[in-house]
Structure formats: structure tokens, C-alpha cells
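Participant: The following comprises the amino acid sequence and a computationally predicted model.
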Amino acid sequence: DLTSNVYVTDGQYGLQIYQSSHGFSAGDHLSGTVTCKVQLYNNGAELTGITSSTTGLTVTGSTVGTPYQIALSNEVNGRYFGSYVDLGVLTYNSSSQTFVKDNNNSISYNASDYFGVSSGLPTMTNNQTYKVKGVVYYSITSNTLYRRIAPRVASDIEKYDQPVISAASSLTVPSYVQGTPEESITDATLSVTGSHLQEDITCTLNENSNFVLWNGTTWTNTTTITESEGNASGSIRIRLKKDLDYNATAYAGTITLTSHEADNVVVNVSGSVVYAILTYNGNGSDGGDVPSTVNCTYNQSVTVAGNTNSLTKTGYNYGGWSLNVEGTGTVYGPEESQTHNISVTENTTLYAKWNAASYNITKDEDMAHGDVIVKLGDEVVTSATTGATVTLVTNPDADYVIETLTVKKGEDNVAVSPAVDPAVNTYTFEMPAGAVKVYATFKTAWRVEFSVNGTVDPSLTMFVNSGSALGSVPSLDAGEIEIGRASCRERV
């Protein structure tokens, strides 16, 4: 009733009234006649008219959305006041004291304007989010209309921490070999965290997914990460379904992570089913490591790795990969002379091919009264590859025989066979992984030959040191025996 006392309310409940010479606050009473301008905020209600007279105020139109959000005001200091609104969650910009921008230029927070609520309001922090409510008003400055907001009560501005879910953007699920039992299929783990949450994080696979999640009891399409005191932390186990087609090159899917008021997080998931496995074998290596195993789809062409992990074998040089331990046939690898790719149609193993390294064979410079000839087969050599059988032929000077024969690799002796015997002039050893040196000493001795019926029998030859007794002599059933020292050309 404009001719009597009027209780002034805000835009949420009904009318907001200003007199041209005085502004009133919520709860003030008016008396006498008030001259007003009227602005209408229907908020969905279809209001068709508003009239006033000395007997009262009449509003016509739909009752939808009552109480009507109506503001009556004069233009007081260039401002028109309107509805009480809930703007939701906004981010505060301290430099402009602005929450959001709109087509009226801005909606700005002003704690001291109109309603004057200042006590109890939070201290505004730049880039902090807040839940914002208040009375919207329009301010005209230099012929520009600005839309602003002022709090009605202290709780209209509340600090708000946006719920956040964090997880990796992608995840690769381990492949499995076609025919693997379900209980043996390996799963992957996705770590998930959340803060400022109001409820659990729900983890859901996309429809018709080729993957499954573990919910603590069974493999299914959804599971949860439990929220406690606003925080959540946990992991999701995920794997490929059983009995998928191995001919597919890859499978893809998504996991969507959701929680109340938090932005959804989508994780891309990928994996493949293996038809066969390509394995690398060190074939007796004693250092480094083989390349990683390759999971293959059917008839997949795989680029063969080189010696990527510095594989070594003492005494040998790496020479690529072969389908057999002997290293025969096609040699695979990245080198120009090697076959670069292999088609995998079944589980396949590539063996390291080792080429024996060659090392020098030298002789003692102080060797006297004879020589040692080094051979590989019939060829005189000065080097040999690891594992080769090397022949040593002793060649003593006249009136000398072999006394000692030694082969050394550094300080280590290399086995020589047979045992040194003056009656033997041929010996062998196996070439080790490293250079060797041959040492020999010779001594003077009588060589005693036995001539049976005029013919020397080499099997009966004896060597005797000077001054030593001959000892026993061979016994024969019949025949004439001559004993002579060949080197002295005199009969004994």
C-alpha cells in the first residue's frame, strides 16, 4: 500500500523500492506517497503489466515462479537494482574485483555497495573459486551500463575449492598371447587421486569396451575410488578381455572418472592380443643383455634389433642374429649385409651369432738350441681364433732334445698335450680368448737307436743324458741288435 507504511524487501521476495531523494535498506518502512520507476525481472514468469494507484499496486500475468522477482526503483545515483541471483561457482580476479564477464561488460563484486554487507565476508584471493550470490544492479557511468552484484548477507560470498580428479591421460594394457588362460592375463594399474570431493570417484569403461575393470570382486565395466574427508586415492586394475581376435592390430577404449561437481577425466586405454612372440637369445653371452621380447600379431613383419644392450661373449665378436645356435643360414640385423625384417608366424627365437676373435701367437725371444713352429693344419701361422686347435712342432738343434714346452696367456698357463717327451715333436693346445706366448727349452742328450737286422726301429729309440746308465734294452725273440748314437756316427 503506497499510501501507508511499506515493508521494503529485496528482489527475491517481491519489491525493491527507492525514493528519489533517499535510498532505503532492507527492513526500512516507508510512509506517504512514493514516486517510483519500475523494472521487471520475471525469471520465467510471464508478467504482462504492473500498475499503481493511491490504493495499491497491481501485477497481472502468470503466477509461475512466484514470488515475482520485481524491482521498483528510481534512478538513484545512476543505479537500478534488480533480482537476487545465485551465480554458482566463479573465479575471482583481484585486479579488477571481477568474477565473470558478460555482455553487459562485467559482473563485479562490491561488498560496500547498496546493502553494505562487509563483516563476515571472506578475504578475496586472486584465482580462488567462490560460490556467489547477491543482488544484481546496473550502474551507469559515462553513458555505459555496467552489470554488478552486491551481497545481501555475509554468506553470499563463500570460498569454494573446486573438486579435482587426477590421473594419467593414457594407459597401455599388457598384451597376452592367443590362448592364454584367463587367470594368467596380466593387468595394468591406473593411479587415481582426488581432492575437495563430496563423493566417491566413479570409474566407467566406454560401452562395448574390449577391456574390463576389477571392482574388488569380479571383472566388470565399472568400479569406484572411495572418498574420505574430501580426498580420494587408489588404483584401478584394467586388462583386455579374454578371447579377442589376435588379427586386430590394436584395441582402444576409454575410462571416464566422475565425481560430484568435478570435471570429468577421460583416460585413453590401448592394448593388443599377441599371436606369437619373438625372443632374443644370448647364445652363451657373458655380458650385456638381449633386446626386449616382441609381441606380434599374425604374420607381423618385425624389424630385427641390433646389439642394443651391448651383448658380449669373451673371445668372440657379435655378428647379428640367427635362427639356430650354430649361426648358420640367414643372418638378421640392421647392418647393410644383414636381413632387416622377419615375418613371425609362430613363436620364434633369434640366437646371437658369435664370430671367434683372432689373437696373436708369439714365441719367446730367448729361445735357444732349437725352435717351435706354430701351425693351423699345414699352415704356419702367427695368430688363431678362439677355440682353434693350434699345433706346435718342436725342432731342436743337433745333439739337443726338448726339455720344457709352455704356452702362456698373460700369467696363466694354457694346457698343452701330450706331456713333454723328447721322443715326441708334435703338441697341440686350444687357442684361448687372448694373445699367447710360446716358451721352450732344449737340452743335450744321447739319442740311442736300435737297429734290428740292419733296420732302425724308431719305436725303440731312447734319449739318455750324458753319464747316465742306458738301463734296460729291448728284448727280441731273435735277430741281431746294434746300438748306436746316430749323432756321433760311431758304433757303440
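Facilitator: Nice, I can see it.
Participant: shaky segments in the stretch 51-200 of the chain?
Facilitator: 51-84, 96-119, 135-148, 152 (pLDDT under 70).
Participant: one more time with 80, if that's ok
Facilitator: Along the stretch 51-200 of the chain, segments meeting pLDDT under 80 span 51-88, 90, 93-123, 133-154, 177-179.
Participant: all strands of it, in order?
Facilitator: 56-61, 70-72, 79-91, 98-100, 107-109, 129-141, 144-150, 157-159, 164-167, 170-172, 176-177, 188-195 (DSSP state E, counting those that start in this stretch).
Participant: could I get the last one in CSV with only the CA atoms?
Facilitator: Once non-C-alpha atoms are left out, strand 188-195 reads as follows in CSV (Å, rounded to 0.1, in the frame of the first residue of the first chain):
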residue,chain,number,x,y,z
ALA,A,188,47.7,-52.7,-15.8
THR,A,189,47.3,-50.3,-13.0
LEU,A,190,46.0,-46.7,-13.2
SER,A,191,46.6,-44.4,-10.2
VAL,A,192,43.8,-42.0,-9.4
THR,A,193,43.6,-39.2,-6.9
GLY,A,194,41.0,-36.6,-6.0
SER,A,195,40.8,-33.6,-3.7
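Participant: export the following helix or strand past that strand as CSV, just CAs?
Facilitator: Note on strand 188-195: by DSSP states H and E, the next helix or strand toward the C-terminus is strand 201-205. In CSV, the C-alpha atoms belonging to strand 201-205 read as follows (Å, rounded to 0.1, in the frame of the first residue of the first chain):
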residue,chain,number,x,y,z
ILE,A,201,35.1,-41.3,-7.8
THR,A,202,33.2,-43.5,-10.3
CYS,A,203,35.4,-45.2,-12.9
THR,A,204,33.4,-46.4,-16.0
LEU,A,205,34.5,-48.0,-19.2
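Participant: Only the buried residues of the following helix or strand past strand 201-205, if you could.
Facilitator: Using DSSP H and E, the helix or strand that follows strand 201-205 towards the C-terminus is strand 211-214. By neighbour count on 16 or more other C-beta atoms under 10 Å, the buried set for strand 211-214 is 211-214. For every residue, glycine as well, the C-beta is placed using N, CA and C.
Participant: Excluding chain neighbours, what is closest to Asn317?
Facilitator: Closest residue to Asn317 in three dimensions, ignoring its sequence neighbours and counting by C-beta to C-beta, 6 or more residues apart in numbering: Asn355, at 4.8 Å.
Participant: next one: Thr339
Facilitator: Spatial nearest neighbour of Thr339, chain neighbours left out: Tyr332 (5.0 Å); criterion: C-beta to C-beta, 6+ apart.
Participant: give me the number of residues near that neighbour?
Facilitator: Neighbour count of Tyr332, defined by other C-beta atoms under 10 Å: 22.
Participant: Okay, and the beta partners of it?
Facilitator: Tyr332 has these beta-bridge partners by DSSP bridges: Trp321, Thr339.
Participant: With Thr312 instead?
Facilitator: Assigned bridge partners for Thr312, using DSSP bridges, are Gly287.
Participant: Contacts only, for it.
Facilitator: Each residue near Thr312 by C-beta atoms under 8 Å, 6 or more residues apart in numbering is listed here: 285-288, 318.
Participant: which parts of stretch 153-160 are buried?
Facilitator: Using 16+ other C-beta under 10 Å as the test for burial, stretch 153-160 gives 156-157, 160.
Participant: coming back round to it: in contact with the residue nearest to Asn317, which residues?
Facilitator: Neighbouring residues of Asn355 by C-beta under 8 Å, 6+ apart: 316-319, 327.
Participant: Most neighbours of all those, which one?
Facilitator: Tyr316 (21 neighbours).
Participant: Does the residue lying closest to that one once chain neighbours are set aside lie in a helix or a strand, and which?
Facilitator: Here the nearest residue to Tyr316 in space, its sequence neighbours aside, is Trp354; by C-beta to C-beta, 6+ apart that works out to 3.9 Å. Using DSSP H and E, Trp354 maps to strand 348-356.
Participant: which element follows that strand toward the C-terminus?
Facilitator: As assigned by DSSP H and E, the chain's next helix or strand after strand 348-356 is strand 358-363.
Participant: Run through the neighbouring helices and strands of that following strand.
Facilitator: Applying 3 or more C-beta pairs under 8 Å, 6 or more residues apart in numbering; DSSP states H and E, we find strand 358-363 packed against strand 370-376, strand 383-385, strand 436-444.
Participant: Which one of those lies nearest to Ala262?
Facilitator: Taking C-beta to C-beta, strand 383-385 is the member of the helices and strands packed on strand 358-363 nearest to Ala262, at 68.9 Å.
Participant: Can you list the strands that that closest one pairs with?
Facilitator: Applying DSSP bridges, one finds strand 383-385 paired with strand 358-363 (antiparallel).
Participant: And the contacts of the partner strand?
Facilitator: Here strand 358-363 makes contact (C-beta under 8 Å, 6+ apart) with 371-372, 374, 381-386, 390, 431-439.
Participant: Drop anything exposed from the residues you listed.
Facilitator: 372, 374, 381, 383-386, 390, 431-432, 436-438.
Participant: can you redo these as a markdown table with distance to Asn127 and pLDDT?
Facilitator: Converted to a markdown table, the buried ones among the contacts of strand 358-363 look like this (distance: C-beta to C-beta, whole Å; pLDDT from 0 to 100):
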| residue | distance to Asn127 | pLDDT |
| --- | --- | --- |
| Val372 | 89 | 96 |
| Val374 | 84 | 96 |
| Val381 | 81 | 95 |
| Ser383 | 76 | 94 |
| Ala384 | 77 | 94 |
| Thr385 | 73 | 91 |
| Thr386 | 70 | 90 |
| Val390 | 81 | 96 |
| Met431 | 76 | 94 |
| Pro432 | 73 | 92 |
| Val436 | 77 | 96 |
| Lys437 | 79 | 97 |
| Val438 | 83 | 97 |
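Participant: which stretch of helix or strand covers Ala433?
Facilitator: Ala433 belongs to no helix or strand, assigned by DSSP H and E.
Participant: Also Val393?
Facilitator: Counting by DSSP H and E, the element that carries Val393 is strand 389-396.
Participant: Beyond that strand, next helix or strand please.
Facilitator: Next element after strand 389-396 (DSSP H and E): strand 400-409.
Participant: pLDDT at Ala469, what is it?
Facilitator: What the model reports as pLDDT for Ala469 is 70.
Participant: mind starting the numbering at 50 from now?
Facilitator: I'll keep to 50 as the first residue from here, and by that count the last item is Ala518.
Participant: That one and Trp495, how far apart?
Facilitator: 11 Å (C-beta to C-beta, to the nearest Å).
Participant: More neighbours: which of those two?
Facilitator: It is Trp495, of Ala518 and Trp495, that has more neighbours when counted by other C-beta under 10 Å, with 19 against 7.
Participant: Count residues in the vicinity of the residue nearest to that one when sequence neighbours are not counted, would you?
Facilitator: Excluding the flanking residues, the one nearest Trp495 by C-beta to C-beta, 6+ apart is Val513, at 4.6 Å. Val513 has 15 neighbours, counted by other C-beta under 10 Å.
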